[in-house]
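Q: quick one: sequence plus predicted model below, questions after.
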Amino acid sequence: MKLIEYADSEMMAMALADMMASELRAALRQRDRVLLVVPGGGTPGPIFDDLCGARLEWERVDVLPSDERWRPEAHIRSNARLIRERLLVDEAAAARLLPMYARDRTPEEAAAELTEAITPGLPISVLLLGMGADMHTASLFPRADNLSLALGPNAPTLVPMHVKGEPEPRITLSARVLNDAMAKHLVITGDAKKAALERARGQSPEVAPVAAVMDDLLVHWAPLAEEAHVD
């Protein structure tokens with residue numbers, strides 16, 4: 001794991017978007033189609049705003065959420081909605097969004113069919129992850145019902161996940177698939193998440209799931225706005 005620190009979130013978004021665009025261009029020189037995997041949540045939005053204008057052959061790029069809340073795309077909590085609204089615009093409008101949700105079915109019922117659409121694009125060419133203060137990444141949550149399965153060396157591509165206290169079930173790429181990515185990035189902001197990441201380095205993945213993806217991981221950190229102006 002390598003940590004890169006930035007003066008503020010704006011600088012981080014621009015630098016990371018530029019880095020990811022370069023990695024996608026390199027991957028496109030090697031493969032007919034490439035797979036970009038990105039998170040939901042609030043942190044990646046500014047990165048998407050910069051990345052979407054990158055000049056590359058987006059028509060050859062498949063985009064996939066790292067995980068998904070089991071909600072239709074129109075729902076405010078859908079990661080696919082964020083990706084479509086913030087990333088798949090401008091130049092990146094030509095990219096193809098792969099589904100991680102199926103209407104009128106449970107994650108368990110739909111996992112095999114969704115996996116069929118994802119498998120041809122593996123391994124992931126460029127991966128961007130987020131992390132929560134509880135040290136979860138994607139939907140690999142501490143104490144989630146299928147965490148052990150998702151962390152295993154023979155884990156399936158997609159793992160349904162039920163997290164206590166969450167309003168809906170989820171589905172997530174397994175740690176095995178995330179770790180196979182050709183380029184791996186984690187983006188975090190604020191002192192609390194930086195401290196959580198440091199704690200995770202000494203924990204097992206069952207306690208701190210982000211620890212499962214730390215090998216060859218490039219971590220991008222910036223202070224929160226209120227932290228950046230503290231003397």
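A: All right, it came through fine.
Q: what's the mean pLDDT across the longest strand that the chain contains?
A: What stands out as the longest strand in the chain, according to DSSP state E, is strand 183-189. Regarding strand 183-189, the rounded mean pLDDT is 98.
Q: equivalent analysis for stretch 131-144, please.
A: 96.
Q: what's in contact with that stretch?
A: For stretch 131-144, the surrounding residues in contact (Cβ atoms under 8 Å, 6 or more residues apart in numbering) are 39, 66-68, 129-130, 147, 150-151, 161-164, 170-173, 175, 178, 186, 188, 192-193, 196-197, 199-200, 203, 205-213. The way it works is simple: take the backbone N, C-alpha and C, and place the C-beta from them, glycine included.
Q: I figured residue 57 was touching residue 31, is that so?
A: No. Counting by Cβ atoms under 8 Å, residue 31 is not a contact partner of residue 57; they are 11.1 Å apart.
Q: strands of this structure, start to end?
A: 2-5, 34-38, 61-65, 67-69, 96-97, 126-129, 158-161, 170-173, 183-189, 218-222.
Q: what about residue 206, distance to residue 160?
A: As judged by Cβ to Cβ, to the nearest Å, residue 206 and residue 160 stand 18 Å apart.
Q: look at those two and report which has more neighbours.
A: residue 160 (22 against 14; other Cβ atoms under 10 Å).
Q: need the contact list for the more buried one.
A: Per Cβ under 8 Å, 6+ apart, neighbours of residue 160: 106, 107, 108, 111, 146, 169, 170, 171.
Q: neighbours around the fifth one, how many?
A: Counted with other Cβ under 10 Å, the burial measure for residue 146 works out to 23 neighbours.
Q: ok, residues contacting the longest helix belonging to the chain?
A: Determined from DSSP state H, the single longest helix within the chain is helix 9-28. Applying Cβ under 8 Å, 6+ apart, the contact partners of helix 9-28 are 6, 34, 36, 46-47, 49-51, 54, 56-57, 60-61, 125-126, 128, 182-183, 185, 187, 189, 220-225.
Q: go ahead and confirm residue 213 touches residue 178.
A: Yes. Taking contacts as Cβ under 8 Å, residue 213 lies within contact range of residue 178: 5.1 Å.
Q: list residues touching both of those two?
A: The contact sets of residue 213 and residue 178 overlap at 129, 137, 184 (Cβ under 8 Å, 6+ apart).
Q: which residues does the longest strand of the chain contact?
A: 9, 12, 16, 19-20, 23, 43-44, 47, 125-131, 137, 178, 194, 197, 210, 213, 216-224.
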